[in-house]
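Undergrad: I'll drop the sequence and a predicted model, then ask my questions.
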Amino acid sequence: MSSPAPRAIDISFIVPAFNEERTLGRTLQAISEAIAGLHESVEVIVVDDASTDATAVAAVAGGARVLQVNCRHIAATRNAGARAAQGAWLIFVDADTLVTAAVVRAALAALRAGAVGGGCDIRFEGRMPLYARILIAAVLPLYRALRLAAGCFVFCTHAAFDRVGGFDETLFAAEEVVLSRALRRQGRFVILAEHVLTSGRKLRTHSGREVLGSLLRLAWGGRKSMRRRKGLEIWYGARREDRG
């Protein structure tokens, strides 16, 4: 079997976005600052998923290539970006997440050293209600112990991503968990000590009862509950105003 042809670009950043005109500029600026001085060639793709605001305008202003889709399905949106990407290495960054030079360089070092992919530590921006601080303190160490990447920052080789079929499009939630496990079967999967800063808006704009109820429904219903949007309004419902 012949080897795949070399990729035209070294690194592709893929940023899925739905109505993110307020946050996208900072995200793209952070990527720009993080890649300054890298010797690798880089492209940044914003996958604009049926936004009704000026997300596309913000993407162009931030120097990104815009890919328009109409999925309203995060796994499918990320996969669309990967199909359009020319990079040998893929870095998925949510549109409300700020990367640093340290985390990007650590991810690239891991890939150069033979890792097939990984994630990193996560910190949340802004004021966090008490229930959210308790939840974060419980969940993040569990993700690290199980070597699972959080969805806001995932990196991998394009080849390994293709071999596992990308993000599972039968799922509307926990797709990053399934991808992490699939990539682990392909080779070394690392969780970096370096961190990204992601928005805590969902934890501020939803009550503890709403968030914990959604998580319990997912845990109780398993994959069946992840195969439909119903019950996943925290991720797919109307956006609430964040005053935090």
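TA: Yep, that arrived. As the structure is a prediction and not an experimental result, all values here were calculated from the model.
Undergrad: tell me which element residue 156 falls in.
TA: Residue 156 belongs to strand 153-157 when assigned by DSSP states H and E.
Undergrad: Any stretches of this structure with poor pLDDT?
TA: Residues of the chain meeting the criterion pLDDT under 70: 1-6, 243-244.
Undergrad: Strands along that one, start to end?
TA: Here the chain has its strands, by DSSP state E, at 9-17, 42-49, 65-69, 87-93, 97-98, 117-125, 153-157, 189-199.
Undergrad: so which of those strands gets nearest residue 104?
TA: Ranking these by proximity to residue 104 (C-beta to C-beta) places strand 87-93 first, at 7.2 Å. Glycine gets a C-beta too; all of them are placed from N, C-alpha and C.
Undergrad: Can you name the residues that contact the residue most central in space within the chain?
TA: In the chain, the residue lying closest to the centroid (C-alpha atoms, centre = their mean) is residue 152, at 3.2 Å. Residue 152 makes contacts with 93, 94, 96, 97, 122, 196, 198, as judged by C-beta atoms under 8 Å, 6 or more residues apart in numbering.
Undergrad: quick one: residue 232 from residue 213, how far?
TA: From residue 232 over to residue 213 the distance is 11 Å, taken as C-beta to C-beta, to the nearest Å.
Undergrad: tell me which residues of the top helix by length along the chain are tucked away?
TA: Looking across the chain with DSSP state H, the single longest helix is helix 208-226. Judged by neighbour count using 16 or more other C-beta atoms under 10 Å, the buried positions of helix 208-226 are 211, 214, 218, 225, 226.
Undergrad: now the residues you listed as a markdown table including distance to residue 74?
TA: Formatted as a markdown table, these follow (distance: C-beta to C-beta, whole Å):
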| residue | distance to residue 74 |
| --- | --- |
| 211 | 17 |
| 214 | 15 |
| 218 | 14 |
| 225 | 16 |
| 226 | 12 |
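Undergrad: wait, residue 80 sits on residue 47?
TA: Yes: contact criterion C-beta atoms under 8 Å: residue 80 and residue 47 qualify, at 5.6 Å.
Undergrad: Report the set of residues contacting both of these two.
TA: Common contacts of residue 80 and residue 47, defined by C-beta under 8 Å, 6+ apart, comprise 67, 69.
Undergrad: need the contact list for residue 193.
TA: Residues near residue 193 by C-beta under 8 Å, 6+ apart: 106, 120, 121.
Undergrad: ok, 10 Å please
TA: 102, 103, 106, 120, 121, 144 (C-beta atoms under 10 Å, 6 or more residues apart in numbering).
Undergrad: For stretch 44-64, measure first residue to last.
TA: End-to-end distance of stretch 44-64 (C-alpha to C-alpha, to the nearest Å): 5 Å.
Undergrad: Please apply the same query to stretch 105-124.
TA: Taking C-alpha to C-alpha as the measure, stretch 105-124 stretches 21 Å from start to finish.
Undergrad: got the buried residues for that stretch?
TA: 106-108, 110-111, 115-122, 124.
Undergrad: hang on, the earlier thing: so how far is the longest helix of the chain from its chain's centroid?
TA: Here helix 208-226 is found 20 Å from its chain centre; the criterion is C-alpha atoms, centre = their mean, to the nearest Å.
Undergrad: follow-up on the earlier one: any chance of the contacts of residue 152 in TSV, with distance to residue 170 too?
TA: Output for those, formatted as TSV (distance: C-beta to C-beta, whole Å):
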residue	distance to residue 170
93	24
94	21
96	25
97	25
122	25
196	27
198	25
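Undergrad: Contact partners for residue 46?
TA: Residues in contact with residue 46 (C-beta under 10 Å, 6+ apart) are 13-17, 20, 24, 27-28, 55-56, 58-60, 62-68, 81, 95.
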